[in-house]
Every structure is written in structure tokens, then in C-alpha cells.
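A.B. asks: Pasting the sequence and the predicted model now:
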Amino acid sequence: MKDLVILSSLLSGPKHGYEIKKVAGTVLGEAELHNNQVYPSLHRFERSGWVVRKKASGQRGQTRFMYRLTPRGRAEMVRWLTRYPDHLRADEEFYLRVGLFQILPAEAHKQILDTRERQLGSEAAHFQRIRMDFSPPPFLGGEILRFLERRARAELDWIRGLRRRLAADGRAAAKTPARLPAGPAPRAGERRI
């Protein structure tokens, strides 16, 4: 998950390491990630050709490194995001993928939403069975089960709304040529890879 967040932080354009630490940390619920959580990943991405690193001058004249996502890195990120196996239950994994739907193909949207719907339907039925089998459940236990069941059903409703919106957007996209944002224009003296 951390690697996907680090790579996705570069979708909006090149960033220096400190900025990546702040953005990724915020997304992952921390003030910022530690150097040991970010730089080994960035170096591995650079060796793989997913990011390029370029020297740049800092505000106080120091040398900083700017990292930029390459087309190969973007393709790898899309490949990671489209893998959403049934056993992957972490909410954050699902929400990250939905948050990055704009870079994923429509068939990946369907697969991800189908998988999540199966997971949530199974969870809601499981909580309902527990509630029924242990009727009447102890007060707090019953409250927890009702809350979890309602939450699963509310997310299922939200997913149905997402599907409607994606279908409507798909009809609009069919009328106009679909293009993914290419990212910001290169800065003076900078070449696009």
C-alpha cells in the first residue's frame, strides 16, 4: 500500500522527497513518513525505471532531488491497482483504488467494485447470522453487530451509486475522445520521458 501511495503522489507532477513524505504520510494517516519509509522505495522505483530523479536547486540554494513518475511507472502503478484479489479485505486498499479510478480502465472499475460488493455482502450476511444465532445478543455486542451490518450495507449503497455515476460518465466519455491527463507541462529546460 505504501508503495502505491508514494507512486500516486507523483501523478500530479514532480516532487522532492520531503514533499512526497508529507503527501504520502497524510494519505496514510501520519504527519509525514520517515526517510526510511520513502527513500528506499524511491531508489527501488528509480532502478526499475518507474521514476527518474533530477537535481534541482532548493529555496535556500541547496541541491535537492526531484522525482518524476515515468510512463513505465504509471503503467506499473495501473497494473498494481488492477490487481484486487478476493482475499484483499483492507478498506484502505479498496478506497485507494477508487480514488485512482481516473487512471484505471473501465473493466478494472467493474472488477474492483464486483470484488468489494461480494466482500461486503458476505460480511453483512455474517453479522446478521451472528445477531440471529445469538438472539438476544448482549447489549454492546448487539450494538456492534448492528453497526457493522449497517456500515456494510451503507457501503453497498454507495457502490451502487458509484456504478451509476461511472455509467453516466461512460456515456459522456463515449461522445468525446477519452484522454488521461498527461501531467503538468515540463519546466523550462526539462524534457519529458
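C.D. replies: Noted; the coordinates are in hand.
A.B. asks: For the most centrally placed residue in the chain, report the pLDDT, please.
C.D. replies: By CA atoms, centre = their mean, the chain has its centre lying nearest to L96, at 2.3 Å. Listed pLDDT for L96 reads 87.
A.B. asks: From the contact counts, what lies against the helix or strand containing it?
C.D. replies: Using DSSP states H and E, L96 maps to helix 91-99. With contacts taken as 3 or more CB pairs under 8 Å, 6 or more residues apart in numbering; DSSP states H and E, helix 91-99 sits against helix 2-8, helix 106-133. (C-beta placed from N, C-alpha, C; glycine too.)
A.B. asks: What residues sit buried inside that helix?
C.D. replies: Going by neighbour count (16 or more other CB atoms under 10 Å), the buried part of helix 91-99 is 93-94, 96-98.
A.B. asks: Are we agreed that E149 is in a helix?
C.D. replies: Yes: E149: assigned to a helix according to DSSP: H, G, I helix; E, B strand; the rest coil.
A.B. asks: Identify the residue spatially nearest to it, adjacent ones excluded.
C.D. replies: F127 (4.1 Å; CB to CB, 6 or more residues apart in numbering).
A.B. asks: Kindly report the same for H34.
C.D. replies: Among residues not flanking H34 along the chain, K21 sits closest, at 7.7 Å (CB to CB, 6+ apart).
A.B. asks: buried residues in the helix or strand where that neighbour lies?
C.D. replies: Assigned by DSSP H and E, K21 belongs to helix 17-27. For helix 17-27, burial by neighbour count (16+ other CB under 10 Å) applies to 17, 19-25, 27.
A.B. asks: Can you add pLDDT and distance to Q111 and give these back as JSON lines?
C.D. replies: As requested, the buried residues of helix 17-27 are exported to JSON lines (pLDDT from 0 to 100; distance: CB to CB, whole Å):
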{"residue": "G17", "pLDDT": "86", "distance to Q111": "34"}
{"residue": "E19", "pLDDT": "88", "distance to Q111": "32"}
{"residue": "I20", "pLDDT": "88", "distance to Q111": "29"}
{"residue": "K21", "pLDDT": "87", "distance to Q111": "32"}
{"residue": "K22", "pLDDT": "85", "distance to Q111": "32"}
{"residue": "V23", "pLDDT": "79", "distance to Q111": "27"}
{"residue": "A24", "pLDDT": "81", "distance to Q111": "26"}
{"residue": "G25", "pLDDT": "79", "distance to Q111": "30"}
{"residue": "V27", "pLDDT": "78", "distance to Q111": "23"}
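A.B. asks: what angle do the strand or helix carrying W158 and helix 91-99 make?
C.D. replies: Element membership for W158 (DSSP H and E) is helix 139-175. Helix 139-175 and helix 91-99 are oriented at 20 degrees to each other (axes from the mean of the first three to the mean of the last three CA atoms, to 10 degrees).
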